[in-house]
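Q: Sharing a model prediction with you, sequence too.
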Amino acid sequence: MAVQKSLKEIIRDEYKKCSQDPVHFMRKYCIIQHPTKGKVYFNLYPFQEDSLTKIKDNRYTVILKSRQLGISTLTAGYALWKMIFQSDFNVLVIATKQDVAKNLVTKVRVMHDNLPKWLSGRTLEDNKLSLRFKNGSQIKAISSKADAGRSEALSLLVLDEAAFIDRIDEIWTAAQQTLATGGGAIMLSTPNGTGNLFHKTWCDAEAGGQFLPIKLHWTMHPERDESWRQLQTELLGEKMAAQECDCDFITSGHTIVDGPIIQWYEQTYVEEPKEKRGFDSNYWLWDYPNYSKAYAVVADVARGDGGDYSAFHVIEIESMTQVAEYKGKISTTEYGNMLVSVATEWNNALLVIENANIGWAAIQVAIDKNYENLYYSYKQDAYVDEDVHLSKGYDLKNKSQKVPGFSTTSKTRPLVISKIETYFREKTPIVKSKRLIDELYVFIWNGHKAEAQRGYNDDLVMAFGIALWVRDTALRLHQQGIDLSRKSLGHFGKSQGVYTSTEQLPKEWQWKSGDAENDDLTWLI
């Protein structure tokens with residue numbers, strides 16, 4: 001006959017079971033706020049159980065997830081479990097905004113408030129941004145800022161929607177000292193393009209780094225099917241639905257050129273250069289000069305001692321094929337000499353040097369060397385619109401109305417960005433460089449401004465955009481010159497001239513030589 005346990009023994013056994021198994025703790029005792037069903041028990045799905053076990057068994061976890069899978073709620077339950085069963089467990093939640101971070105603390109509070117008395121902790125502090133127990137454990141929510149977490153002695157750092165947190169690289173660096181004593185981290189997010197810390201952490205985790213990767217595609221939810229996915233596209237639009245549901249870094253984010261197009265370029269055209277030249281081996285060539293073709297060398301200039309790079313492309317003008325490229329750190333004088341040398345090698349190519357700030361130093365070298373095919377911008381409105389440029393005949397005017405180099409201004413920069421977006425969308429340029437493709441992956445809309453993500457460069461991208469803009473103008477001017485020449489030659493061929501006039505010649509232009517007819521002297525005219 002089995003001995004019946006007392007209530008005290010039952011509670012003791014149940015408490016022990018909860019302390020050892022967070023799945024049992026959540027499934028049996030945690031109540032959550034469901035968006036349509038109200039307060040319900042947190043009946044975990046199999047994928048949630050598996051994720052929770054992995055979080056428990058690993059110090060660092062990065063979770064790439066679809067929307068509305070309950071992972072923030074799962075993280076909140078895990079934080080509460082640790083706070084109750086471990087003394088002095090300090091949890092810090094950082095999100096894009098304080099309200100977003102506060103939501104996770106609210107989830108912890110709801111679960112804790114609905115626990116049975118024998119299981120709940122004794123609360124010392126309870127407000128919208130924090131919850132602290134008598135055993136020294138606490139959870140606190142803060143918004144993202146560069147020094148977030150620097151002074152905290154953390155047991156667990158939660159980065160919610162990590163791909164969207166501004167300055168997350170600095171936050172993560174600041175938190176390293178506080179995690180060094182044994183603390184852990186959970187980094188969770190839907191994707192937001194490539195190149196950010198969340199993307200880099202995920203890639204490193206897949207390669208066997210310190211983080212354990214957990215990927216949660218929308219299909220893992222047992223109550224979702226293709227009709228649900230189609231509805232998300234209708235509600236969010238194709239791009240946002242891909243970001244929120246498909247766990248795909250390439251299709252997510254706000255890159256100027258759509259991710260799938262960049263990926264297509266990478267798979268279709270990118271190849272190793274035939275030759276790498278220069279003292280730093282950063283001058284890459286995919287082809288050699290063809291003397292029957294016209295080229296443009298388009299350059300962006302950096303100081304040579306900072307974070308930016310000097311960069312140029314050599315473009316075959318007619319086909320928009322990238323045939324050579326440079327990206328490196330070099331003094332402005334050496335760079336100017338290099339540009340003149342390269343442009344000369346490529347059939348005296350049109351040399352376009354961006355003239356902002358330090359660019360003038362490289363331009364001056366080209367002027368001093370009397371390089372004849374240096375690009376000049378127009379001081380008035382012509383150079384922002386090639387149609388105006390052509391219709392007003394600015395190319396026929398002298399250089400007193402021009403400035404050497406290409407001027408990137410508030411008027412020209414949007415046009416350059418537009419060229420990049422349009423031409424790549426139409427898959428018109430031929431790009432061979434992996435360096436340029438890598439920059440395109442992190443060249444994004446930051447609000448209304450197109451620029452590289454923090455910590456990256458856009459030197460090659462901007463130089464290529466200028467090349468596309470100038471190429472349009474240069475090619476149209478070249479074609480206009482051909483058309484004018486043909487028109488002039490056509491008129492010349494059709495002209496009757498003085499030689500074929502059927503009118504009787506004036507007597508003063510006739511010479512009586514003694515023959516039957518007078519000689520015509522109009523050839524002297």
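A: Cool, got the structure. Numbers count the residues shown, from 1 in each chain.

Q: just so I have it, where are all the helices in the stretch 51-200 of the chain?
A: Taking DSSP state H, counting those that start in this stretch as the criterion, the stretch 51-200 of the chain carries its helices at 71-85, 98-113, 168-179, 197-206.

Q: So which of these is the most surrounded?
A: Highest mean neighbour count among these (mean count of other C-beta atoms under 10 Å): helix 71-85, with a mean of 24. Yep, even glycine has a C-beta here, placed from its N, CA and C like the rest.

Q: Could you tell me the least trusted of the helices of the stretch 51-200 of the chain?
A: Among the helices of the stretch 51-200 of the chain, helix 168-179 carries the lowest mean pLDDT, a mean of 84.

Q: How about the most centrally placed residue in the chain, nearest residue that isn't a chain neighbour?
A: Nearest residue to the geometric centre of the chain (C-alpha atoms, centre = their mean): Val442, 2.1 Å. Among residues not flanking Val442 along the chain, Gly195 sits closest, at 3.6 Å (C-beta to C-beta, 6 or more residues apart in numbering).

Q: Quick one: neighbours of the one you found, just the number.
A: 22 (other C-beta atoms under 10 Å).

Q: give me phi/psi at it?
A: In terms of degrees, to the nearest 10, the main-chain angles of Gly195 are phi 90, psi -20.

Q: contacting residues for it?
A: Tyr441, Val442, Gln453, Tyr456 (C-beta atoms under 8 Å, 6 or more residues apart in numbering).

Q: now this protein, which segments are flagged as low pLDDT?
A: Applying pLDDT under 70 to the chain flags residues 1-2, 145-152, 303-306, 379-401, 474-525.

Q: how does it look with 50?
A: For the chain, the stretches with pLDDT under 50 are 382-383, 394, 396-397, 481-482, 484-503, 505, 513, 516, 521-525.

Q: residue ranges for the strands of the stretch 1-150 of the chain, please.
A: Secondary structure of the stretch 1-150 of the chain (DSSP state E, counting those that start in this stretch): strands at 31-34, 38-41, 60-65, 90-95, 123-127, 130-133, 138-143.

Q: Likewise for the stretch 151-300 of the chain?
A: Counting by DSSP E, counting those that start in this stretch, the strands of the stretch 151-300 of the chain are 156-160, 184-189, 212-216, 275-277, 283-285, 295-300.

Q: Mind listing what's buried along the first one?
A: By neighbour count, with 16 or more other C-beta atoms under 10 Å as the criterion, the buried positions of strand 156-160 are Leu156, Leu157, Val158, Leu159, Asp160.

Q: ok, the first one touching Lys82?
A: Yes: the criterion here is C-beta atoms under 8 Å, and Leu156 meets it with Lys82 at 6.7 Å.

Q: Would you confirm that Arg435 contacts Asp459?
A: No: using C-beta under 8 Å, Arg435 is not in contact with Asp459; the gap is 9.6 Å.

Q: What sits closest to Gln243 if chain neighbours are left out?
A: Ser252 (3.7 Å).

Q: show me the contacts for that neighbour.
A: Contact partners of Ser252, counting by C-beta under 8 Å, 6+ apart, are Thr190, Pro191, Asn192, Gly193, Ala242, Gln243, Asp246, Gly259.
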